[in-house]
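Undergrad: Build the 3D model from these lines:
(one chain, ligands or ions: 1)
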Amino acid sequence: MSRPILRVAPSPNGRLHLGHAFSALTNARIAERLGGRLMLRIEDIDLGRTRPEFVRAIFHDLAWLGLTFDGPVRRQSEHFPAYGQARDVLAARKLLYPCFCSRGRMAAAIAERETAGERVARDPDGAPLYPGTCRALSGDEILARIQAGEPHTWRLDSAAALAEVTVPLVIRRFAPDGSQDTVRGDPARWGDAVIARRDVPTSYHLAVVWDDAEQGISHVVRGQDLAAATDLHVLLQHLLGLPSPAYHHHGLIRDRGGDKLAKSKGSESLADLRSSGVTPDAVRAMLGFA
Ligand SMILES: [Zn+2]
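TA: From the prediction side, this is the model:
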């Protein structure tokens with residue numbers, strides 16, 4: 001068996017906080033136990049929120065924690081052409097379709113249906129499932145609207161995609177103690193998910209499965225908040241003929257109020273802790289890595 005490869009994959013759209021530290025340290029500990037390599041990936045597809053100082057801070061904060069990485073650092077923003085090719089392959093097979101719906105119009109349509117007493121189905125993140133409005137557009141209309149430069153995302157035609165699945169979609173899971181099991185993936189609960197955004201030729205889902213394959217990631221260790229997305233990830237791996245890593249979704253570090261830590265909520269950053277005199281050893285101890 002070849003040597004396991006894991007990855008730490010933060011997004012540079014804010015300062016890292018204790019939740020990121022926990023995830024990175026968990027990856028490092030499991031990599032060490034497995035005798036594996038640990039790689040770093042900067043997940044910077046959100047060009048509107050990515051800032052160079054946040055990228056620099058990621059390197060600084062992770063080094064401060066004592067983490068070192070193997071191999072080249074992968075930056076997703078350098079691989080848009082590859083993601084675009086993967087998107088185009090799926091679109092050519094009619095597994096994706098362009099969606100011209102604006103967020104505002106979709107939200108208004110959902111609100112209207114709910115006001116009318118309809119129970120709108122939701123995805124595992126709580127977002128309403130896309131009703132499929134653009135799935136039935138004619139080829140001529142699609143071409144005209146794309147040629148006119150109308151902004152559009154690319155959505156999974158989930159029925160068409162699932163029709164191509166001829167073997168059970170299996171998620172291989174592992175626990176830090178080495179035990180393993182498998183569960184069936186259920187991508188249908190995501191409906192016609194967005195696979196490529198308006199502004200860049202990918203989404204989190206497409207970029208992450210592409211990169212995991214490119215970097216030879218054998219073990220994905222990430223937060224429980226991404227566990228449900230794995231259903232979609234194993235489907236994309238199947239459709240694109242990519243290998244499927246084993247997954248471990250760890251618990252989330254919560255703030256004193258019991259909420260998940262988030263950059264957007266101004267959770268205390270590692271930089272704040274550092275400047276108030278907290279040492280890397282203290283952070284490790286705080287997170288159970290003493
Ligand atoms: Zn649409």
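
Undergrad: what's the least confident helix or strand in this structure, going by average pLDDT?
TA: One helix or strand of the chain scores below all others by mean pLDDT, DSSP states H and E: helix 103-115, with a mean of 91.

Undergrad: what's the offset of that one from the middle of its chain?
TA: Here helix 103-115 is found 26 Å from its chain centre; the criterion is Cα atoms, centre = their mean, to the nearest Å.

Undergrad: Next one, pLDDT for the residue nearest the centre of the chain please.
TA: Centroid-nearest residue in the chain, with Cα atoms, centre = their mean: Tyr204, separated by 4.3 Å. We have a pLDDT of 98 for Tyr204.

Undergrad: so the closest residue to the ion within the stretch 151-290 of the chain, which of the three states?
TA: Nearest residue of the stretch 151-290 of the chain to the ion: Arg155, at 7.2 Å (Cβ to the ion). Where you see a C-beta, it was placed from the backbone N, CA and C, and this is true even at glycine. With DSSP: H, G, I helix; E, B strand; the rest coil as the basis, Arg155 sits in strand.

Undergrad: what's the neighbour count on it?
TA: Residues near Arg155, counting by other Cβ atoms under 10 Å, number 24.

Undergrad: now swap in Ala163 and tell me
TA: 10.

Undergrad: before we move on, what about Glu141?
TA: Glu141 sits with 12 neighbouring residues when counted by other Cβ under 10 Å.

Undergrad: Backbone dihedrals for it, please?
TA: Note on Glu141: its backbone torsions stand at phi -70, psi -40 [degrees, to the nearest 10].

Undergrad: wait, what's in contact with it?
TA: Going by Cβ atoms under 8 Å, 6 or more residues apart in numbering, Glu141 touches no other residue.

Undergrad: Check the one 5 residues further on too.
TA: Applying Cβ under 8 Å, 6+ apart, we find Ile146 in contact with Pro98, His152.

Undergrad: In what element of secondary structure is it found?
TA: helix 139-147 (DSSP states H and E).

Undergrad: Buried residues in that helix, which are they?
TA: Ile142, Arg145 (16 or more other Cβ atoms under 10 Å).

Undergrad: now do stretch 282-290
TA: So, applying 16+ other Cβ under 10 Å, buried residues of stretch 282-290: Val283, Arg284, Leu287, Phe289.

Undergrad: again with stretch 215-224
TA: Neighbour count says stretch 215-224 has Gln215, Gly216, Ile217, Ser218, His219, Val220, Val221, Arg222, Gly223 buried, by 16+ other Cβ under 10 Å.

Undergrad: Roughly how far does the third one sit from Arg37?
TA: Between Ile217 and Arg37 the computed distance is 10 Å (Cβ to Cβ, to the nearest Å).

Undergrad: same question, the fourth one
TA: With distances taken as Cβ to Cβ, Ser218 is found 9 Å from Arg37.

Undergrad: Mutual contacts of those two, please.
TA: Joint contacts of Ser218 and Arg37 (Cβ under 8 Å, 6+ apart) are Pro4, Ile5, Leu6.

Undergrad: Let me know the closest of those residues to Asp61.
TA: Using Cβ to Cβ, Leu6 is the member of the shared contacts of Ser218 and Arg37 that lies nearest Asp61, at 18.4 Å.

Undergrad: Please report phi then psi for Ser244.
TA: Per degrees, to the nearest 10, the backbone of Ser244 is at phi -110, psi 120.

Undergrad: Could you look up the SS state of the nearest residue to it once chain neighbours are set aside?
TA: Closest residue to Ser244 apart from its sequence neighbours, by Cβ to Cβ, 6 or more residues apart in numbering: Gln237 at 4.7 Å. Gln237 carries the three-state label helix when classified by three-state DSSP.

Undergrad: Let me know the pLDDT of Gln237.
TA: 98.

Undergrad: these two touch, right, it and Tyr247?
TA: No: counting by Cβ atoms under 8 Å, Gln237 does not reach Tyr247; the two are 11.4 Å apart.

Undergrad: Quick one: name the residues of the chain near the ion.
TA: Those residues of the chain that sit near the ion, judged by Cβ under 5 Å from the ion, are Cys99, Cys101, Thr133, Cys134.

Undergrad: for the chain, what's the longest helix?
TA: What stands out as the longest helix in the chain, according to DSSP state H, is helix 18-34.

Undergrad: Can you list the residue ranges for helices in this protein?
TA: Taking DSSP H as the criterion, the chain contains helices spanning 18-34, 52-64, 80-92, 103-115, 139-147, 158-163, 204-214, 229-240, 270-275, 280-286.
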